[in-house]
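>>> below is the structure, and that's it, no one-letter string:
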């Protein structure tokens, strides 16, 4: 794995973890779900709304891109 691929993986993991933990607390607090359904629902929500990061080799070299449902199109990072 290249340096940017590792960075993309860590960004993906970090954003998922933040959204999962926040979602888990919000779902437990404000819904009537119990037991196994709280983390399962949080997993699905974090997977859907989390940004997607990818390292791509272009003619200008390797670049890091992000796609997110709240932002139109694809953004180059760094």
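All right, it came through fine. Bear in mind the structure is a predicted one, so any value in this text is a computation, not a measurement. Numbers count the residues shown, from 1 in each chain.
>>> per-residue pLDDT, the residue most central in space within the chain?
Ranked by distance to the mean C-alpha position of the chain (CA atoms, centre = their mean), the top residue is residue 50 at 3.4 Å. Residue 50 carries a pLDDT value of 96.
>>> residue contacts, it?
Residue 50 makes contact with 12, 15-16, 19, according to CB atoms under 8 Å, 6 or more residues apart in numbering. C-beta here means a position set from N, CA and C on the backbone, and glycine is covered the same way.
>>> list just the nearest of those to residue 76.
The closest of the contacts of residue 50 to residue 76 turns out to be residue 12 (CB to CB; 16.2 Å).
>>> next, the buried residues of the strand or helix carrying the closest one.
Assigned by DSSP states H and E, residue 12 belongs to helix 3-30. For helix 3-30, burial by neighbour count (16 or more other CB atoms under 10 Å) applies to 4, 7-8, 11-12, 15, 19-20, 23-24, 27.
>>> please consider this matter closed, and thank you.
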